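Peer 1: Return atomic coordinates for the entry below.
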Amino acid sequence: MRILTILTTATAIAGFSTAATAGGLAPEVVTAPVVVTEPAPAQPSVNPAFIVVGVLAALLLAADS
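Peer 2: Model (predicted):
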């Protein structure tokens with residue numbers, strides 16, 4: 001009877017230890033989160049204030065002559 005108890009205990013321990021590592025011992029694979037970046041809005045190549053100042057300067061020069 002003692003051998004049967006030891007054998008049953010050993011079988012239970014072996015069964016529980018394999019169930020604990022059922023997923024394997026490989027490291028967990030973690031994927032990087034997807035980051036969506038929106039493109040910056042297009043900027044004009046010339047500041048509109050410079051155009052206004054240039055037009056005013058041209059008008060002043062035209063009025064002077």
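
Peer 1: need the next SSE after the helix ranked longest in the chain, C-terminal direction.
Peer 2: The longest helix of the chain (DSSP state H) is helix 2-20. Next in sequence after helix 2-20, counting helices and strands by DSSP states H and E, comes helix 48-64.

Peer 1: got the CA coordinates for that next one in CSV?
Peer 2: Output in CSV follows, covering the C-alpha atoms of helix 48-64 (Å, rounded to 0.1, in the frame of the first residue of the first chain):
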residue,chain,number,x,y,z
PRO,A,48,2.1,86.8,-46.9
ALA,A,49,3.2,89.8,-44.9
PHE,A,50,6.2,90.2,-47.1
ILE,A,51,4.0,90.3,-50.2
VAL,A,52,1.8,93.0,-48.7
VAL,A,53,4.9,95.1,-47.8
GLY,A,54,6.3,94.6,-51.3
VAL,A,55,3.1,95.7,-53.0
LEU,A,56,2.9,98.8,-50.7
ALA,A,57,6.5,99.6,-51.5
ALA,A,58,5.9,99.2,-55.2
LEU,A,59,2.8,101.5,-54.9
LEU,A,60,4.8,104.1,-53.0
LEU,A,61,7.6,104.0,-55.6
ALA,A,62,5.1,104.3,-58.4
ALA,A,63,3.4,107.2,-56.8
ASP,A,64,6.7,109.0,-56.2
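
Peer 1: So which residue is dead centre in this structure?
Peer 2: residue 33 (3.4 Å; Cα atoms, centre = their mean).

Peer 1: mind checking how far that one is from residue 27?
Peer 2: 19 Å (Cβ to Cβ, to the nearest Å). For glycine as for every other residue, the C-beta is placed from the backbone atoms N, C-alpha and C.

Peer 1: Using CSV, list the CA coordinates for the longest helix of the chain.
Peer 2: Output of helix 2-20 as CSV, limited to C-alpha atoms (Å, rounded to 0.1, in the frame of the first residue of the first chain):
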residue,chain,number,x,y,z
ARG,A,2,2.9,2.3,0.7
ILE,A,3,4.4,1.9,-2.8
LEU,A,4,1.0,2.7,-4.3
THR,A,5,0.7,5.9,-2.3
ILE,A,6,4.2,7.0,-3.3
LEU,A,7,3.5,6.2,-6.9
THR,A,8,0.2,8.1,-6.9
THR,A,9,1.9,11.1,-5.2
ALA,A,10,4.8,11.0,-7.8
THR,A,11,2.3,10.8,-10.6
ALA,A,12,0.3,13.8,-9.3
ILE,A,13,3.5,15.9,-8.8
ALA,A,14,4.6,15.1,-12.3
GLY,A,15,1.2,15.9,-13.8
PHE,A,16,1.0,19.3,-12.0
SER,A,17,4.5,20.3,-12.9
THR,A,18,3.9,19.7,-16.6
ALA,A,19,0.6,21.6,-16.5
ALA,A,20,2.4,24.6,-14.9
